[in-house]
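Participant: Could you look at this predicted model? Sequence included:
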Amino acid sequence: MKPILIIATLLILFSSCSSSKLVDEWESPEALHFEANKVLVIGLAQDKELRMQFEKELATQLEREDVIAVRSIDFFETSFADEHKSETELNKIEQQLLDAGFDAILFSKIVGSEDKVSLMQALRNFDNSFNSFREDFYQSQDASQFKNEYQSYKVYQAQTNLYCICPEKERELLWSGTIDIVEGSKRDRNIKDYVKTLVQSLEDRKILIVHL
């Protein structure tokens, strides 16, 4: 019964794990305790439905943390990311945002991806209760037994940048974080996990989300 209990425990732990993890970040010295009156949420992706879903989830979670957040798809008549913008156009957009009471932009995008391979033999054969290192090693040394025990998956690197658009500053970068996202069969869960990791990271560093 012991191996079965161990397997059950592992499956519960794995199923509750987030598919997203903060792997790198940069923070400006001026970012400490930065609070925005109003933040624009921008998700850059070719898939329009994905952009809408991501922006909605992030804006909703920020609102729950008492941050006024507006989706770019709601603020602009057309998608912010549909066309390339010149410096002059960006300046006009920034002034438009300032006039509307915004003082921050939260900009997210996928910056890369990587194919991964994991060995599933250990978990699948957990019911083989080895009594010694010799038995474990002996059954594991033949690499040919693993030929069908590999599982491939993709990891996406997503980057989120927080910019201040204060009148006296020119789109100053306050915080940048890179989050790895393990591709799963359910896109909704991937988005929720990413947003949860992002919001928690901002809250931990008291940037944008400041609870005193």
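Facilitator: Right, received. Where do you want to start? Numbers count the residues shown, from 1 in each chain.
Participant: Can you pull the poorly scored residue ranges out of the protein?
Facilitator: Scanning the chain for pLDDT under 70 picks out the ranges 1-18, 77-83, 117-151, 167-170, 185, 212.
Participant: Do a quick rundown of the helices in it.
Facilitator: Remark: helices assigned in the chain by DSSP state H are 2-16, 48-64, 72-75, 87-99, 121-124, 133-140, 187-204.
Participant: Report the buried residues of the third one.
Facilitator: Residues of helix 72-75 classed as buried by neighbour count (16 or more other Cβ atoms under 10 Å): 72-73, 75. Quick note: C-beta positions are derived from backbone N, CA and C, even for glycine.
Participant: The closest residue to residue 108 other than its chain neighbours: neighbour count?
Facilitator: Excluding the flanking residues, the one nearest residue 108 by Cβ to Cβ, 6 or more residues apart in numbering is residue 160, at 4.4 Å. Using other Cβ atoms under 10 Å, the number of residues around residue 160 comes to 25.
Participant: State the distance from residue 160 to residue 91.
Facilitator: Look at residue 160 and residue 91: by Cβ to Cβ, to the nearest Å, they are 23 Å apart.
Participant: likewise residue 172?
Facilitator: As judged by Cβ to Cβ, residue 172 and residue 91 stand 15 Å apart.
Participant: Spatially nearest residue to residue 28, not counting backbone neighbours?
Facilitator: residue 174 is the one closest to residue 28 (Cβ to Cβ, 6+ apart), at 4.9 Å.
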